[in-house]
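In: give me a 3D structure for the following:
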Amino acid sequence: MKLNWLYALRAIVETGTMTKAADQLCVTQPAVSRMIADLQYELGFTIFVRRGGRLEMTPEGQVFYPQVERVLTGLDDIESIARDVRAGGGRHLRVITMSPIANEILPAALSLFAQQFPAVHVTIDIRPRRDITQWISRDQYDLGMVLLPVEGSVGADSKVFAHVPLVVVLPDTHELAGCEALELTAVLPEKLVMLPTNSLMRRWIDARFAEYGVSPKVALETSSMHSACRIAVRMGLIAIVDAFTAHGINGKGYVIRPLEPTLEIALGFVLPSDRLVNEMTSGLMQCVEIASEDLLKAIN
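Out: Numbers count the residues shown, from 1 in each chain. Take a look at the predicted model:
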């Protein structure tokens, strides 16, 4: 399988047509068409079909393409590192994390980090939690940040950097909005916006509900905690999210209430096993710990 076939595939996905993909790659349209034909022949399945004059990705293509994107992203990082080395730098820190951490913690942490390491180039890749430990175990990133614990047998070490309480986000017109804090028993009969059942936090919350012999009343599922908050406020429902995410919401018409008893999640670093932690990685970890501590103080 040739790399230029994969680059042609990505160009088509990004541009939507073979003609535009050819322009992006500086080749002819027939050349792009031939590369895709060769790729499909080697794979043994069709990636694109034409419907109404437009290219549509087949179900097989939809499964295959995310893996291609991961491979090409890794190659792009290698090219970036090589450019840094040629320029006399070579100081590059590759970080992979979840969107809540990237949105709420990393901005402050990176500001601190830049003061200590102004010449270091940092790449932040935001991925679903299930991908992060796998990529770290393959030694493709210097540092990962995820919801702990790490599940399964992976070649990665972990360390907690923050224990974050879960809170309830609900419209300010909700009948429970007047409570200073909400006991879990008060939330049990309410309709909730939740993360999908395959997520670690959802399984963890379901387990807390199970202690009361009930299952949560799920009105809607979304993979984004920010989205869960906004949907809950708009639809008159309730969302249970971490305090960092809740206090990062912009807008009006909602309240945030602590849960009683307090339920906490652990956020942590994951690092490739058997690799020494360099000065840059250690420096960013310290900055993340400081930023997390400051954020916890601000919301308590």
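In: pLDDT below threshold where in the stretch 1-150 of the chain?
Out: Counting by pLDDT under 70, the ranges of the stretch 1-150 of the chain that qualify are 77-90.
In: change it to 50
Out: Within the stretch 1-150 of the chain, the ranges that satisfy pLDDT under 50 run 87-89.
In: now the helices for it?
Out: Assigned by DSSP state H, counting those that start in this stretch, the stretch 1-150 of the chain shows helices spanning 3-15, 18-25, 29-43, 59-86, 99-104, 106-116, 129-137.
In: what do you get for the stretch 201-300 of the chain?
Out: Taking DSSP H, counting those that start in this stretch to define them, one finds helices in the stretch 201-300 of the chain at 225-235, 243-247, 279-299.
In: quick one: which of the ones you listed is nearest Gly178?
Out: Closest approach to Gly178 among the helices of the stretch 201-300 of the chain is made by helix 225-235 (16.1 Å; C-beta to C-beta). The C-beta positions use only the backbone N, C-alpha and C, and glycine is treated the same way.
In: picking that back up, relative to Pro165, which of the helices of the stretch 1-150 of the chain is closest?
Out: Closest to Pro165 of the helices of the stretch 1-150 of the chain, according to C-beta to C-beta: helix 99-104, at 13.7 Å.
In: got the contact list for that closest one?
Out: Helix 99-104 has contacts (C-beta atoms under 8 Å, 6 or more residues apart in numbering) with 124, 126, 145-146, 224-226, 242, 244-245, 247-248, 267, 295.
In: if we use 10 Å, what do you get?
Out: With C-beta atoms under 10 Å, 6 or more residues apart in numbering as the test, helix 99-104 has contacts from 95-97, 109-110, 124-129, 144-147, 161-162, 164, 201, 223-226, 241-248, 267, 288, 291-292, 295.
In: do the same with stretch 37-56
Out: Residues from elsewhere that reach stretch 37-56 (C-beta under 10 Å, 6+ apart): 1-2, 4-6, 8-9, 12-13, 16-18, 21, 36, 57-65, 68.
In: and that stretch, end to end?
Out: Chord length of stretch 37-56, first to last residue, is 15 Å (C-alpha to C-alpha, to the nearest Å).
In: try stretch 205-222
Out: Distance across stretch 205-222, first residue to last, is 15 Å (C-alpha to C-alpha).
In: same question for stretch 14-21.
Out: Counting by C-alpha to C-alpha, the terminal residues of stretch 14-21 are separated by 8 Å.
In: give me the buried positions along that stretch.
Out: Residues of stretch 14-21 classed as buried by neighbour count (16 or more other C-beta atoms under 10 Å): 18, 21.
In: now it: how far from the chain's centre is it?
Out: Relative to its chain's centre, stretch 14-21 lies at 27 Å (C-alpha atoms, centre = their mean, to the nearest Å).
In: what of stretch 265-278?
Out: That offset, for stretch 265-278, works out to 17 Å (C-alpha atoms, centre = their mean).
In: any idea which residue is closest to the centre of the chain?
Out: Nearest residue to the geometric centre of the chain (C-alpha atoms, centre = their mean): Met98, 3.0 Å.
In: before we move on, the earlier item: return the most buried member of the helices of the stretch 201-300 of the chain.
Out: Most buried of the helices of the stretch 201-300 of the chain, by mean neighbour count (mean count of other C-beta atoms under 10 Å): helix 243-247, with a mean of 22.
In: many thanks, I have nothing further to ask.
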